[in-house]
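**Student:** Pasted the sequence and its predicted model underneath.
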Amino acid sequence: MSFYLCAAPFLVLYSPQSRRFARHSGEYHVSKKLRPCLVTAVDGDWICLAPCLSARPESQMKRSSWSIVDYGKHGPTLPDHPLHNAPVFSIPLRSRRQRGWKATSCFVWTRDEGEWISIADWESTLGARVLDSDFDLSPGQMAILRGKHWAIWGGNQG
C-alpha cells in the first residue's frame, strides 16, 4: 500500500479526468480544478472516486446524475434540486474551516460508481490529498454512504 494512503480514505481532493463528469455537469471540457471526491470503493492499489460539483444556478448540469451533499451544521446551505425526493448525502464537516479547500453548496456524482484511478496516479496529481480530517465521519457512517451510493447507481444504465 501507499505511503499516503495507509487506510481506505473517505474523501480526497482530486481533479477527475472523465469526460462523462464534464458532459453531465453541463461543460464541454474536463476541468483541471481540484475538487472533493467521495471514495466509493477501494480495491488493492485502486480507488474509485465520485466527484463533488459546486451548485451553480445557471448550470446546465444533468440533475439526474448528481445527488445533494449536506455538509452539516458547519457547511453551506443545501443546493436546490429539481427532482422531488432527490437523495441527500450527509457528509458532516468537523468545523467551518477546511484545510486547502473550501466547502461549497454542491452535488456528488451518483450516475455510476465513479472514476477508477490507481493510487500511484492519484498521488502524482499536484495538490491531491486525503480530506478525512476535515470530516466528522466514522468507518460505519462511511460504509452507509458507500452503500447508499451503490444503491442509487446500481440500477442506472447510463
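**Tutor:** Thanks, I have it. Numbers count the residues shown, from 1 in each chain.
**Student:** So which bits of the longest helix along the chain are buried?
**Tutor:** When the chain is parsed with DSSP state H, its longest helix is helix 139-153. Buried residues in helix 139-153, counted by 16 or more other CB atoms under 10 Å: M142, L145, R146, H149, I152, W153. Where C-beta positions appear, they are placed from N, C-alpha and C, glycine not excepted.
**Student:** What of stretch 111-125?
**Tutor:** R111, D112, E113, G114, E115, I117, I119, W122.
**Student:** So which of these is the closest to C52?
**Tutor:** Closest approach between the buried residues of stretch 111-125 and C52, by CB to CB: G114, at 11.1 Å.
**Student:** Name the nearest residue to the closest one, sequence neighbours excluded.
**Tutor:** Spatial nearest neighbour of G114, excluding adjacent residues (CB to CB, 6 or more residues apart in numbering): A50 at 3.9 Å.
**Student:** Pretty sure that neighbour sits against L38.
**Tutor:** Yes: counting by CB atoms under 8 Å, A50 does reach L38; the two are 4.5 Å apart.
**Student:** Looking at those two, which has the bigger crowd around it?
**Tutor:** With neighbours defined as other CB atoms under 10 Å, A50 and L38 compare such that A50 has more, 28 against 24.
**Student:** wait, what's in contact with the more buried one?
**Tutor:** A50 makes contact with C37, L38, T40, V108, W109, T110, E113, G114, E115, H149 under the criterion CB atoms under 8 Å, 6 or more residues apart in numbering.
**Student:** cool, and K73?
**Tutor:** P92.
**Student:** again, but for R146
**Tutor:** R146 touches T40, A41, counting by CB under 8 Å, 6+ apart.
**Student:** And it, what's its pLDDT?
**Tutor:** pLDDT, R146: 93.
**Student:** And for F3?
**Tutor:** 34.
**Student:** And the strands in this protein, which stretches?
**Tutor:** 11-14, 35-43, 46-54, 66-70, 88-90, 106-109, 115-118, 129-130 (DSSP state E).
**Student:** tell me the most buried of these?
**Tutor:** strand 106-109 (a mean of 25; mean count of other CB atoms under 10 Å).
**Student:** what's it packed up against?
**Tutor:** Identification of packing neighbours for strand 106-109 by 3 or more CB pairs under 8 Å, 6 or more residues apart in numbering; DSSP states H and E yields strand 35-43, strand 46-54, strand 66-70.
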